[in-house]
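*Asks:* only geometry, no sequence info:
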């Protein structure tokens, strides 16, 4: 199962995911206070892991790994994010919204890897079909819309000379998740 993106698109996506992951890692490590509504350090760590996973998946080497490897990676991420949701509910934390968002994002990434290779006995060709395509298109719409909203917020922050760096990982993760699911649906 090849998840590699075509030509220069791959290297742009890999570069953006890697840069955004680096920004998130610096913010998580430095303890830079971020608005708790967005989850703070836990959000930055989630961004790092998810962005690095997508960047690696889109490299030629990562794209050639079996689908089961990526299913495993994104299944573990989904379980970890679901754990964060449970913890946030239990402590009635302000980061519940961020936990739910990242759980949905991890599930969308897992969903994108669920296309099974079905062999047509008549034609002998393999078909990569995702279950419940409507769910996939809903993920594409949700993450594209969130990317547009985040891009607007990022632009506003920059225009008003306010810190905007913390929005970059969220923006890139939105766009990359939408692209990942779209690519899987279009395969």
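*Replies:* Here it is on my side, so go on. Because the structure is predicted, anything quoted here is derived from the model rather than measured.

*Asks:* worst-scoring helix or strand of this protein, pLDDT-wise?
*Replies:* Evaluated with mean pLDDT, DSSP states H and E, the helix-and-strand set of the chain has its lowest mean pLDDT in strand 116-119, which scores a mean of 48.

*Asks:* Can you list the low-confidence ranges for the protein?
*Replies:* Within the chain, the ranges that satisfy pLDDT under 70 run 1-4, 31-39, 116-128.

*Asks:* can you give me the strands for it?
*Replies:* Listed in chain order, the strands found in the chain under DSSP state E are 116-119, 126-129.

*Asks:* measure residue 147 to residue 18 for me?
*Replies:* 18 Å (C-beta to C-beta, to the nearest Å). Placement of C-beta: from N, CA and C, glycine included.

*Asks:* Looking at these two, which has the bigger crowd around it?
*Replies:* Neighbour count, other C-beta atoms under 10 Å: between residue 147 and residue 18, residue 147 has more, with 21 against 16.

*Asks:* Where do the helices of this protein begin and end?
*Replies:* Counting by DSSP state H, residue ranges of the helices within the chain are 7-30, 40-57, 60-63, 67-91, 96-112, 133-159, 167-186.

*Asks:* What residues of the fourth one count as buried?
*Replies:* Residues 67, 70-71, 73-75, 77-78, 81-82, 84-85, 88 are the ones in helix 67-91 that count as buried (16 or more other C-beta atoms under 10 Å).

*Asks:* do the same with the longest one
*Replies:* Applying a neighbour-count criterion of 16+ other C-beta under 10 Å, the buried positions in helix 133-159 are 136, 139, 140, 142, 143, 144, 146, 147, 150, 154.

*Asks:* ok and it relative to helix 167-186, angle-wise?
*Replies:* Regarding helix 133-159 and helix 167-186, their directions subtend 160 degrees when assessed with axes from the mean of the first three to the mean of the last three C-alpha atoms, to 10 degrees.

*Asks:* Run the chain-centre distance for helix 133-159.
*Replies:* Centroid separation between helix 133-159 and its chain, computed with C-alpha atoms, centre = their mean, to the nearest Å, is 12 Å.

*Asks:* Out of the buried residues of helix 67-91, flag the one nearest to residue 45.
*Replies:* Comparing those against residue 45 with C-beta to C-beta places residue 84 closest, at 9.8 Å.
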